[in-house]
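Chemist: predicted structure and sequence below. I'll ask about it afterward.
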Amino acid sequence: MDRFNCKNACSRLDRLLTGLIQALQHICLLNLEATKNEQNPSYEEFLRTLMKGVELVKECEKTSHFTTFHNLRYTSRIQQLEKEICGFVQCQMPPHILLDLKNLITELNNFHHLYEVGSVDESEMTETMYKYVAKLSNDPHENGMMLQQMGAEDLFDGAFDEAPCSYNLPIMSDFVLALEKSISNLKRILLQREVSVVGVQGMGGLGKTTLALALFNDQEIKGIFQNNIIFITVSQFPNLKGILETMWEKIVRRKKPEFQNVEDAHRQLQQELLRQARPTLVVLDDVWSRADLEKVLFEGEEYKTLVTTRDCSTIPKTPSTQLYQLPLLDDTDALSLFCFWAFGQRSIPSTAAETLVRQVQAECKGLPLALKVIGSSLHGQPLPAWQRAKNKLLNGEPISDYHKEGLLRVLETSIDVLDEETRVCFLDLGSFPSDRKICAESLLDIWVYVRKMEWRDAFVILLELGSRNLLNLTSNLRRPAINYGSASELYFSQHNVMRHLAIYLASRDSIVHRKRLLMPCQEHSLPRKCKLLEDQAFDAQIVSISTGAMEETQWCNMNFSEAEALILHFSASEYFLPLFLSSMRKLKVLIVLNYGSKRAIVNGLPALSSLTQLKTIHLERLIVAPLQEHSQTLLNLEKLSLSLCEGLGNISRFNSTQSSLELPLILDFNLDHCCDLEELPAGICDMTSLQKWSITNCHLVEKLPDDLGKLIYLRMLRLLACLGLKELPASIGKLGKLEYLDISLCECLKELPEEIGQLKKLEELDMRECSRLRKLPESVGGLKSLKHVLCNEQIGQQWMHIKSSSLMELRVEVVEAHFSLDWLDG
């Protein structure tokens with residue numbers, strides 16, 4: 001009967017289309033960037049086929065289940081389209097591009113982490129990189145571009161074609177195609193003999209970073225500067241000493257001396273550059289001030305610097321300096337880029353209302369980010385949505401290089417197509433800093449605990465915002481943990497223009513009546529207006545504060561009695577929590593993120609004892625006090641996440657003779673990259689309500705508590721990259737509800753306990769790259785619920801034997817070396 005059921009066929013096709021369209025758009029962009037002889041026209045043809053499939057799904061959804069003739073007709077068309085799609089994927093498109101590209105990124109990142117901790121040498125690192133990247137295409141330059149576009153940040157350090165080095169290298173954008181003229185003009189200026197500094201100036205979202213990246217990857221530039229090209233993101237509040245240290249390592253290529261300060265580092269590096277004479281190009285991206293730029297500018301024979309900035313006054317005016325003002329796209333390039341995102345092709349399709357399309361595109365004023373976001377938001381939308389978008393745009397002010405208001409009004413139309421719930425979630429993005437990778441769990445927790453959403457519904461909205469280019473998602477969406485309600489390996493970032501839009505839309509009420517109070521970054525203090533409103537009662541449900549180092553006396557007494565979420569992000573080595581924290585009696589979500597180069601000492605933690613409604617705490621890159629000092633007052637806490645934190649090394653002093661961790665409602669406990677954590681106390685297993693427990697990248701942990709089996713409600717246990725873990729306790733067999741177990745990259749683990757066969761509900765087992773684990777216990781044949789195993793080839797053969805004898809439904813996936821993602825941003 002399924003052959004005659006249009007709805008079933010429609011559902012199959014819809015799932016198939018969803019998984020292909022976005023990936024193929026990126027592939028088409030890369031294809032268009034190639035020379036004409038290298039381009040494959042079948043990609044764009046196939047994308048048009050997929051777009052027709054979207055229309056077919058819409059038609060099918062309108063049909064009645066009981067009209068047999070229509071069902072039969074549509075089912076036949078859908079089945080034919082399915083055959084075309086499957087045939088193309090199998091015969092023309094390399095399957096790894098769609099299915100394995102992100103996995104390759106993760107593998108490379110994780111292998112890079114192992115190299116950093118000294119587990120492999122440089123030659124092995126380079127050999128492995130070439131092996132993985134060779135899977136993408138035969139063109140090393142194209143491979144580099146593809147990997148960057150898929151999110152391989154801060155990784156390669158010269159692995160492709162002796163490629164240039166990077167420091168905080170951003171993700172390659174999609175606007176290169178529309179910037180060909182600017183790339184050519186910029187190269188002409190940069191290669192002039194008398195020019196040593198070139199400034200690229202333009203408003204946010206115009207494509208300055210993308211232009212710099214394109215030059216960074218240009219073959220002619222690589223030929224001139226060889227392996228002496230360095231990309232450095234400077235940002236608004238840079239770590240100048242860290243940047244200079246990186247420049248020393250990448251340019252001088254000797255062990256760096258101990259610099260006393262920024263001035264000393266600049267002096268010594270300048271002396272070295274005057275001694276050496278080789279073509280060198282340094283790209284300084286996102287520079288905010290002349291003072292910062294002067295500390296990282298140098299002179300030298302054949303030494304050139306490219307600077308991107310929003311403010312032309314940042315670039316010094318000297319005979320050897322040239323300023324290039326990046327223009328908006330002309331109408332032809334703007335229309336081509338807009339059509340790609342709106343229709344999946346570079347021109348207006350015959351079925352679209354051409355005049356209306358041109359009117360909407362024209363109102364984007366040639367701004368690449370606006371063209372991408374608005375085009376994506378109108379993708380697949382009906383005619384009324386286009387007409388409404390045009391009317392909204394016509395009411396906005398024209399965009400100029402510095403007219404932020406005009407930009408925000410243009411971008412606002414991309415939010416109008418969202419339903420109310422998704423719009424609210426988008427506005428919450430303004431609570432987080434832009435151009436930073438942030439664990440998606442932080443954002444999801446706000447939606448779960450403040451917006452009262454189910455986790456899976458919140459996750460779907462996260463994916464929708466990503467698909468509309470309102471935020472960027474990085475990592476591997478195929479990781480099994482997501483199926484069990486954990487997005488701890490997924491990160492999001494947002495362009496600063498999109499954050500400005502969220503802040504702009506969230507700030508239309510008076511400051512005391514706003515539902516979101518978002519305080520922009522102040523380097524050393526709060527905004528002045530906050531002190532004028534001291535003791536004023538605010539209605540804010542979400543409060544976000546960005547600062548530098550804060551002392552106790554710098555905080556003012558603000559009344560946030562209605563606040564349910566507090567996000568504190570700062571860059572400092574020491575930080576005092578705000579005094580008003582203890583009065584936030586409705587607070588449910590507390591997120592404290594340090595973006596400094598070192599872990600920060602945090603003072604004021606006793607204030608947590610007043611927060612009896614607190615549900616979740618996220619702490620990142622901090623030095624924290626022992627958990628037990630505060631656990632007795634956090635009786636309603638459901639989730640605790642500590643990442644890149646120190647201070648946990650003394651947790652082992654806490655033993656079962658003392659009072660146990662009193663977190664009676666805790667459901668989710670995450671410890672990631674806690675570098676001094678050596679031993680987990682027995683008392684930690686008194687948190688018997690725990691359902692999800694992750695101990696990842698904690699290299700000093702050698703064993704788990706013997707009474708692990710007390711966690712009878714545990715559904716997920718992740719031990720990813722606990723390199724020192726030597727054994728699993730026998731009591732693991734008592735985890736009767738455990739569904740997902742991840743022991744990947746536990747290199748010291750030699751065997752599994754026989755009791756593991758008692759895990760009757762275990763569905764997923766990730767044991768890849770457990771290099772010393774060579775034999776499975778016989779009891780694993782009793783894992784009747786096991787559906788999927790990831791492992792290396794040697795263990796895979798044993799699993800295949802077990803599959804044939806007792807676990808017929810088991811899927812054994814043999815994978816090559818897979819290592820944990822070290823996502824440090826510097």
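Modeler: Now that the structure is in, tell me what you want to look at. Numbers count the residues shown, from 1 in each chain.
Chemist: the strand or helix carrying L323 pairs with which strands, parallel or anti?
Modeler: Applying DSSP states H and E as the criterion places L323 in strand 321-325. Paired neighbours of strand 321-325 in the sheet (DSSP bridges): strand 197-201 (parallel).
Chemist: now do the contacts for S643.
Modeler: By C-beta atoms under 8 Å, 6 or more residues apart in numbering, the contact list for S643 reads C439, H618, L619, E620, R621, N670, D672, H673, C674. C-beta: built from backbone N, CA, C; applies to glycine.
Chemist: related to what we said a few turns ago, and after the strand holding L323, which helix or strand comes next?
Modeler: In the C-terminal direction, the helix or strand that comes right after strand 321-325 (DSSP H and E) is helix 331-343.
Chemist: contacts for the helix or strand following that next one next, please.
Modeler: Towards the C-terminus, the helix or strand next in line after helix 331-343, according to DSSP H and E, is helix 354-362. Defining contact as C-beta under 8 Å, 6+ apart, one finds that helix 354-362 is touched by 331, 334-335, 338-339, 342, 348, 371, 374-375, 378, 383, 386-387, 389-390, 393.
Chemist: quick check: buried residues in helix 354-362?
Modeler: By 16 or more other C-beta atoms under 10 Å, the buried positions in helix 354-362 come out as V357, R358, Q359, V360, Q361, A362.
Chemist: quick one: pLDDT of the fourth one?
Modeler: pLDDT, the model's per-residue confidence, is 88 for V360.
Chemist: ok, the closest residue to Y595 other than its chain neighbours - contacts?
Modeler: Nearest residue to Y595, sequence neighbours excluded (C-beta to C-beta, 6 or more residues apart in numbering): S571, at 4.7 Å. The contact partners of S571, by C-beta under 8 Å, 6+ apart, come to F237, N239, G548, N594, Y595, G596.
Chemist: the last one reaches Y575, doesn't it?
Modeler: No. The pair G596 and Y575 fails to qualify as a contact (C-beta atoms under 8 Å) at a distance of 9.1 Å.
Chemist: so how far is A572 from the closest residue to I666 other than its chain neighbours?
Modeler: Take I666 and drop its neighbours on the chain: the residue closest to it by C-beta to C-beta, 6+ apart is M687, 4.8 Å away. Remark: distance between M687 and A572 (C-beta to C-beta, to the nearest Å) = 32 Å.
Chemist: for L297, same thing?
Modeler: From L297 to A572 the distance is 26 Å (C-beta to C-beta).
Chemist: just D311 next, same as before
Modeler: Taking C-beta to C-beta, one finds D311 at 25 Å from A572.
Chemist: looking at those two, which is more packed in?
Modeler: Legend: neighbour count by other C-beta atoms under 10 Å for D311 and A572, higher for A572 (19 against 13).
Chemist: where's that one, which helix or strand?
Modeler: Per DSSP H and E, there is no helix or strand for A572.
Chemist: which residues touch it?
Modeler: Contact analysis of A572 by C-beta under 8 Å, 6+ apart lists T547, G548, A549, M550, N594, G596, A600.
Chemist: just the residues you listed now: which is nearest L714?
Modeler: Comparing the contacts of A572 against L714 with C-beta to C-beta places N594 closest, at 30.1 Å.
Chemist: listing request: residues of the stretch 651-800 of the chain with sub-threshold pLDDT.
Modeler: 651-661, 682 (pLDDT under 70).
Chemist: please enumerate the helices of it.
Modeler: Using DSSP state H, counting those that start in this stretch, the helices of the stretch 651-800 of the chain run over 793-805.
Chemist: show the contacting residues for W288.
Modeler: W288 neighbours (C-beta under 8 Å, 6+ apart): V234, S235, Q236, T309, R310, D311, T314.
Chemist: just the buried residues out of the contacts of A572, in ChimeraX syntax.
Modeler: Selection of the buried residues among the contacts of A572 in ChimeraX, burial being defined by 16+ other C-beta under 10 Å:
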select :547,548,549,550,594,596,600
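Chemist: quick one: which of the contacts of A572 is nearest V789?
Modeler: N594 (38.1 Å).
Chemist: wait, what's in contact with the closest one?
Modeler: Shown in contact with N594 (C-beta under 8 Å, 6+ apart): H569, F570, S571, A572, Y575, A600, E620, R621, L622.
Chemist: and those residues, which is closest to G223?
Modeler: Nearest to G223 among the contacts of N594 is S571, at 38.1 Å by C-beta to C-beta.
Chemist: return the set of buried residues in stretch 601-616.
Modeler: I601, V602, G604, L605, A607, L608, L611, L614, K615, T616.
Chemist: what helices or strands is the helix or strand encompassing the second one leaning on?
Modeler: Counting by DSSP H and E, the secondary-structure element that holds V602 is strand 600-603. Helices and strands touching strand 600-603, by 3 or more C-beta pairs under 8 Å, 6 or more residues apart in numbering; DSSP states H and E, are strand 574-576, strand 622-623.
Chemist: centre of the chain to that strand, how far?
Modeler: Remark: strand 600-603 is offset 26 Å from the chain centroid, using C-alpha atoms, centre = their mean, to the nearest Å.
Chemist: and the average pLDDT for it is what?
Modeler: For strand 600-603, the per-residue pLDDT averages 90.
Chemist: who are the packing partners of whichever helix or strand comes after that strand?
Modeler: Using DSSP H and E, the helix or strand that follows strand 600-603 in sequence is strand 616-620. Contacts defined by 3+ C-beta pairs under 8 Å, 6+ apart place strand 616-620 against helix 440-449, strand 589-594, strand 639-643.
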